[in-house]
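[1] Below: sequence and its predicted model.
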Amino acid sequence: MKELDVKVVSVSDGTSALQVLRESPCDLLLTDLEMPELDGLALLAAVREMPMYRFLPVLILSTRRPADVEPERRVGVTGWIVKPTDPENLRRWIRRSLPR
């Protein structure tokens, strides 16, 4: 996202996301709930177990609403963006969530 001056790393599944996080520092995780191999909530749980990412901002982007997911599985979510969303809304969430 050039206009936000951030580097974006995109992967196609939760397992690959976890591997990237283990290999490279990250300031924000934007994930869908529905992914192959490791869904977004399982990814969130794994990330929270990593000391360096215990407080990493995590944004969920999903067609599901937060109320559709058990409260204990939402622990550690910084923000929830319901799809579809417009690009400006996504940029606002990212700006708000990135460390200053």
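    Cool, the structure landed. Numbers count the residues shown, from 1 in each chain.

[2] tell me the centre residue of the protein?
    Central residue of the chain (Cα atoms, centre = their mean): residue 30, 2.7 Å from the mean position.

[3] That one looks like it's in a strand, true?
    Yes - assessed with DSSP: H, G, I helix; E, B strand; the rest coil, residue 30 lies in a strand.

[4] so it sits right up against residue 57, yeah?
    No - using Cβ atoms under 8 Å, residue 30 is not in contact with residue 57; the gap is 9.2 Å. No exception for glycine: its C-beta is placed from N, CA and C like everyone else's.

[5] which non-adjacent residue is nearest the residue nearest to the centre of the chain?
    Nearest residue to residue 30, sequence neighbours excluded (Cβ to Cβ, 6 or more residues apart in numbering): residue 59, at 4.7 Å.

[6] Give me the buried stretch members for the helix or strand hosting that neighbour, please.
    Using DSSP states H and E, residue 59 maps to strand 58-62. For strand 58-62, a neighbour-count test (16 or more other Cβ atoms under 10 Å) marks 58, 59, 60, 61, 62 as buried.

[7] Nearest to residue 94, out of the residues you listed: which one, please.
    residue 59 (7.3 Å; Cβ to Cβ).

[8] do you know how far the residue nearest to residue 30 is from residue 52?
    Here the distance between residue 59 and residue 52 works out to 18 Å (Cβ to Cβ, to the nearest Å).
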